[in-house]
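Asks: Quick check, what structure comes out for this input:
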Amino acid sequence: MRYVVAIARSAQAQFEKLDVRWRSSLKKAMRKHLETAPMRQSKSRIKRLRGLRQPQYRLRVDEMRVYYDVNDEEERVEVLGFVLMITTIQVLTDVGEDDHEPWDPTKSLIVYGPYAYVRNPLALASLIILIGEVCLTGSHGVAIFAAIFFLAAHVCIVSFEEPMLVRRFGSEYRDYADHVHRWFPRRRAWRPLRRLN
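Replies: As a prediction, this is how the structure comes out:
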């Protein structure tokens, strides 16, 4: 049986903003997994989300997560959305770092998009996904992993990343860190003051 895969209107605009490589990777994965066996669960690819009416499933594609519902009677899959990490990676692409991987250092200090709300949006998005999986599955193992992930990320950020950013960007980074929290998002986006020359 072959399923028709449709992207919901609310997710389509987000999908179209993605870099061509990300769209290609997502399309390939959705064709491979969602057209033929969207309900076939695996440890690392497809997971049934328990305790929710919507979304029913999650497909993992590299650092991205695709959330979707399946209507078995109509042989239809409706993609409802993609995870926040896509937005963060898109910001890096917008500033000319389209070859950027999450672990690579940036060429300039990025202080807009999700970075205008929180200093570590990729790590925070990963943590939120883990917490969501704990809530949905009730797994003690995933809860322990989430705690270890948070502690490891916090230690790495405080001990290595932030001192490196202070060395590379100096007062520009210190000003940013004074206004944007490491883990708790701001209500409004922070904008650096422009200095007159």
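
Asks: Helices of the protein, start to end?
Replies: Remark: helices assigned in the chain by DSSP state H are 9-16, 20-29, 85-94, 121-137, 140-156, 162-169, 171-179.

Asks: which stretch in those has the least confidence?
Replies: For the helices of the chain, the weakest mean pLDDT is recorded on helix 85-94, namely a mean of 56.

Asks: Please point out which parts of stretch 130-138 sit buried.
Replies: 130, 132-134, 136-137 (16 or more other Cβ atoms under 10 Å). The C-beta positions use only the backbone N, C-alpha and C, and glycine is treated the same way.

Asks: Which one of the helices of the chain lies nearest to residue 69?
Replies: Checking the helices of the chain against residue 69 by Cβ to Cβ gives helix 9-16 as the closest, at 11.6 Å.

Asks: So which other helices or strands are in contact with that closest one?
Replies: When contacts are defined as 3 or more Cβ pairs under 8 Å, 6 or more residues apart in numbering; DSSP states H and E, helix 9-16 packs onto helix 20-29, strand 76-82.

Asks: Go again with 7 Å.
Replies: strand 76-82 (3 or more Cβ pairs under 7 Å, 6 or more residues apart in numbering; DSSP states H and E).

Asks: So what touches the strand it packs on?
Replies: 3-8, 10-11, 14-15, 30, 34, 38, 54-55, 64-70 (Cβ atoms under 7 Å, 6 or more residues apart in numbering).

Asks: Show me which of those are buried.
Replies: Buried, going by 16+ other Cβ under 10 Å: 3, 5, 7, 11, 15, 30, 34, 38, 55, 64-70, out of the contacts of strand 76-82.

Asks: Tell me which two in those residues are the farthest apart.
Replies: Once Cβ to Cβ is applied, the buried ones among the contacts of strand 76-82 give 3 and 64 as the farthest pair, at 19.8 Å.

Asks: Let me know the distance separating the closest residue to residue 15 other than its chain neighbours from residue 49.
Replies: Closest residue to residue 15 in three dimensions, ignoring its sequence neighbours and counting by Cβ to Cβ, 6 or more residues apart in numbering: residue 7, at 5.8 Å. Spatial separation of residue 7 from residue 49 under the definition Cβ to Cβ, to the nearest Å is 18 Å.
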